[in-house]
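Peer 1: Okay, predicted coordinates and the sequence, questions at the end:
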Amino acid sequence: MSQFNSIIGQSPTLESLIRSAKMVAATDVTVLLHGETGTGKEIFANAIQKASARADNAFITLNCAALPESLIESELFGHRKGSFTGATANTKGLFQAADGGTLFLDEINSLPYTIQAKLLRFLESGECLAIGDTKPYHVDVRIIAATNTDLLKLVTTKEFRSDLYYRLNVVPLELPSLSHRNDDIEALIKHFMDRMAVTHTTEATKFSKPALKALKAYPWPGNVRELRNLCERLSILMAGNTIELEHLPQEFINPNTPKIDPLLLPEQGIELDALEANFIQQALNRTKGNRSKTAKLLGLTRDTLIYRMQKHGFH
């Protein structure tokens with residue numbers, strides 16, 4: 001199905017997920033997408049919609065974390081004129097706007113508990129009730145929901161309804177993090193770089209082999225979204241050039257180096273010798289006196305450590 005061509009990559013994990021998504025798209029079943037932030041849940045939801053019998057109808061997205069509780073019920077189900085302050089006219093909700101199509105509820109874990117019952121009612125009966133109305137309306141809407149947290153844990157802590165969880169979790173699809181599909185990184189980079197060159201009308205930018213190696217070794221906490229943002233930045237700043245390892249941000253060059261906040265010099269100053277002696281003592285305590293390990297902790301050679309130990313009277 002060409003509808004899934006927007007999903008870049010050929011890693012076994014991704015190909016398995018796409019096969020499952022294609023089977024799901026052929027049905028009208030409710031889908032729950034699990035995945036870390038930035039893994040492309042909305043792209044998958046859109047591809048499922050386009051490959052379904054609802055392809056020619058509306059695909060509407062709502063981020064459940066983006067609206068306050070006071071607005072989200074009206075946004076979803078609509079309201080009657082005069083039902084609350086500011087309700088100056090009858091207003092349709094997203095369920096009515098998506099009739100015949102698909103409603104994608106992103107970050108479903110943030111849906112207020114009070115609204116969860118109304119969503120459950122729709123999933124069980126197809127009925128929705130606008131705020132201020134007494135007569136429900138029926139719509140034909142497919143729900144695709146997504147979460148970046150463990151909903152089952154929220155069920156345990158009573159922050160998410162168990163009956164709604166099991167109603168949503170008919171077909172769960174787990175989107176892999178980018179670090180679990182790093183075979184796809186090179187293809188993603190080419191895709192993003194080609195697209196950015198067109199978007200920003202710049203010359204195409206390439207990565208050297210050492211730079212690509214560093215990108216593949218990086219853990220990508222922000223997943224595909226983080227990679228896309230990096231490609232956009234470099235396509236502008238390094239347009240038409242080959243990106244070498246030294247052009248990458250520091251966290252890509254030394255991904256295992258912990259970020260340490262710099263020490264601030266107190267206004268009254270410090271006693272540098274005493275501070276150095278204190279750090280040497282702490283390092284010796286941590287390594288139980290092992291001088292080689294102590295030198296490594298302090299970023300010194302063993303000979304330099306011994307010199308400084310003698311200077312401060314360590315034995």
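Peer 2: That came in fine, so what should we check first?

Peer 1: only C-alpha atoms for contact and neighbour calcs from this point on.
Peer 2: OK.

Peer 1: residue ranges of the helices in the stretch 201-315 of the chain, please?
Peer 2: 209-217, 223-237, 250-253, 272-286, 291-298, 302-311 (DSSP state H, counting those that start in this stretch).

Peer 1: Could you check these and tell me which one is nearest Asn148?
Peer 2: Closest to Asn148 of the helices of the stretch 201-315 of the chain, according to CA to CA: helix 223-237, at 12.3 Å.

Peer 1: what angle sits between that closest one and helix 209-217?
Peer 2: In terms of direction (axes from the mean of the first three to the mean of the last three CA atoms, to 10 degrees), helix 223-237 departs from helix 209-217 by 150 degrees.

Peer 1: mind checking the end-to-end distance for stretch 119-138?
Peer 2: Stretch 119-138 has its terminal residues 13 Å apart, counting by CA to CA, to the nearest Å.

Peer 1: could the helices of the stretch 201-315 of the chain go into JSON lines alongside mean pLDDT, distance to Asp183 and mean neighbour count?
Peer 2: Conversion of the helices of the stretch 201-315 of the chain to JSON lines gives the following (pLDDT from 0 to 100; distance: least, CA to CA, whole Å; neighbours: other CA atoms under 10 Å):
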{"stretch": "helix 209-217", "mean pLDDT": "93", "distance to Asp183": "8", "mean neighbour count": "17"}
{"stretch": "helix 223-237", "mean pLDDT": "93", "distance to Asp183": "13", "mean neighbour count": "18"}
{"stretch": "helix 250-253", "mean pLDDT": "84", "distance to Asp183": "17", "mean neighbour count": "16"}
{"stretch": "helix 272-286", "mean pLDDT": "85", "distance to Asp183": "39", "mean neighbour count": "14"}
{"stretch": "helix 291-298", "mean pLDDT": "87", "distance to Asp183": "34", "mean neighbour count": "17"}
{"stretch": "helix 302-311", "mean pLDDT": "84", "distance to Asp183": "40", "mean neighbour count": "14"}
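
Peer 1: Distance to Asn169 added to the ones you listed, as a markdown table?
Peer 2: Putting the helices of the stretch 201-315 of the chain into a markdown table (distance: least, CA to CA, whole Å) gives the following:
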| stretch | distance to Asn169 |
| --- | --- |
| helix 209-217 | 33 |
| helix 223-237 | 24 |
| helix 250-253 | 37 |
| helix 272-286 | 48 |
| helix 291-298 | 48 |
| helix 302-311 | 58 |
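
Peer 1: Nearest approach to His200 belongs to which of those?
Peer 2: Across those, His200 has its closest neighbour in helix 223-237 (7.5 Å, CA to CA).

Peer 1: still on that earlier bit, out of the helices of the stretch 201-315 of the chain, nearest to Ala197?
Peer 2: Ranking the helices of the stretch 201-315 of the chain by proximity to Ala197 (CA to CA) places helix 223-237 first, at 6.8 Å.

Peer 1: same for that closest one, what does it pack against?
Peer 2: helix 185-199 (3 or more CA pairs under 8 Å, 6 or more residues apart in numbering; DSSP states H and E).

Peer 1: which one of the helices of the stretch 201-315 of the chain lies closest to Phe84?
Peer 2: Nearest to Phe84, of all these, is helix 223-237, at 39.0 Å by CA to CA.

Peer 1: distance between the closest one and the chain's centre?
Peer 2: Relative to the centre of its chain, helix 223-237 is centred 15 Å away, using CA atoms, centre = their mean, to the nearest Å.

Peer 1: Taking helix 185-199 as reference, get the angle to that helix.
Peer 2: Relative orientation of helix 223-237 versus helix 185-199 (the same axes, to 10 degrees): 50 degrees.

Peer 1: Give me the contacts around helix 223-237.
Peer 2: Helix 223-237 has contacts (CA atoms under 8 Å, 6 or more residues apart in numbering) with 36-40, 177-179, 189, 192-193, 196-197, 200, 202, 204-205, 220.

Peer 1: And those, which of them are buried?
Peer 2: Buried subset of those (neighbour count, 16 or more other CA atoms under 10 Å): 36-40, 177-179, 189, 192-193, 196-197, 202, 204-205, 220.

Peer 1: Okay, domains of the protein per the record?
Peer 2: 2-176, 180-253, 272-311 (automatic domain parsing).

Peer 1: how long is the shortest one from one end to the other?
Peer 2: The first residue of domain 272-311 is 13 Å away from its last residue (CA to CA).

Peer 1: now the strands: where do they sit in this protein?
Peer 2: Under the criterion DSSP state E, the chain contains strands at 31-34, 59-63, 102-106, 127-128, 137-138, 142-147, 171-174, 206-207, 242-243.

Peer 1: closest to Glu73 out of these?
Peer 2: With respect to Glu73, and counting by CA to CA, the nearest of the strands of the chain is strand 127-128 at 10.7 Å.

Peer 1: Could you list the paired strands of the closest one along with their orientation?
Peer 2: Applying DSSP bridges, strand 127-128 is found paired with strand 137-138 (antiparallel).
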